[in-house]
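Engineer: Got a predicted model here, sequence first, then my questions.
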Amino acid sequence: RWLFNQTVCTLYAFCGVLFGLCSLTSLTVLSTVCCLKVCYPAYGRCWDVGSDLYLHPLLLTQPFGFLRWGSYGPEPYGTACCITWEASSREATLYILALFIFCYLLPCLFILVSYSLILWRVRGSCRAVRQH
């Protein structure tokens with residue numbers, strides 16, 4: 001069972017969501033920058049990833065605290081805390097759907113497309129070297 005009070009549960013879940021989103025955002029930006037540098041070298045020089053990389057995840061975790069669009073609570077087994085996935089309101093349902101689309105599906109799609117383009121470019125380079 002969860003050993004601490006609701007405040008610690010909320011903080012634990014907030015940090016888990018925030019750092020999870022930061023991790024996926026970092027991987028997405030890394031794959032996009034690699035793709036630009038490998039496939040489009042002229043545009044790849046323009047990218048300088050700074051500390052504002054983590055602004056996106058921080059903004060997406062705020063509706064729980066400030067707007068009350070959802071809540072944090074114990075997981076089904078009760079040993080940890082996370083987002084309460086069983087939404088009780090329309091706003092919570094829309095927020096969870098937005099998190100799924102903008103924080104999971106789109107980043108995964110960007111990563112998949114980026115690495116596919118890199119593989120496509122490497123494959124074309126190998127063919128060019130063999131023909132040369």
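Structural biologist: The structure has been received and is ready for your questions.
Engineer: C-alpha from now on. contacts and neighbour counts both.
Structural biologist: Will do.
Engineer: lowest confidence element among the helices and strands of the chain?
Structural biologist: helix 41-44 (a mean of 72; mean pLDDT, DSSP states H and E).
Engineer: Now do the contacts for the residue positioned nearest the centre of the chain.
Structural biologist: Geometric centre of the chain, nearest residue: L24, 3.5 Å, by Cα atoms, centre = their mean. Applying Cα atoms under 8 Å, 6 or more residues apart in numbering to L24 gives the contacts C103, Y104, P107.
Engineer: Assign L58 to helix, strand or coil.
Structural biologist: helix (DSSP: H, G, I helix; E, B strand; the rest coil).
Engineer: Show me what counts as buried in the lengthiest helix in the chain.
Structural biologist: Ranked by residue count, the top helix of the chain under DSSP state H comes out as helix 6-39. Neighbour-count burial for helix 6-39, counted by 16 or more other Cα atoms under 10 Å, picks out 9-10, 12-14, 17-18, 21-22, 24-29, 31-39.
Engineer: got any ranges where this protein has weak pLDDT?
Structural biologist: Applying pLDDT under 70 to the chain flags residues 44-52, 63-68.
Engineer: Apply 80 and report the result again.
Structural biologist: Counting by pLDDT under 80, the ranges of the chain that qualify are 42-71, 86-88, 132.
Engineer: how close does the residue nearest to the centre of the chain get to F14?
Structural biologist: Distance, L24 to F14, using Cα to Cα, to the nearest Å: 16 Å.
Engineer: ok, how many other residues are close to I83?
Structural biologist: A count of neighbours around I83, defined by other Cα atoms under 10 Å, yields 19.
Engineer: for it, phi and psi?
Structural biologist: Backbone torsions of I83, given as degrees, to the nearest 10, read phi -60, psi 140.
Engineer: so it makes contact with P76?
Structural biologist: No: counting by Cα atoms under 8 Å, I83 stays clear of P76, with 11.0 Å between them.
Engineer: that older thread, show me which of the contacts of L24 are buried.
Structural biologist: C103, P107.
Engineer: ok, of the contacts of L24, which one's closest to R123?
Structural biologist: P107 (24.1 Å; Cα to Cα).
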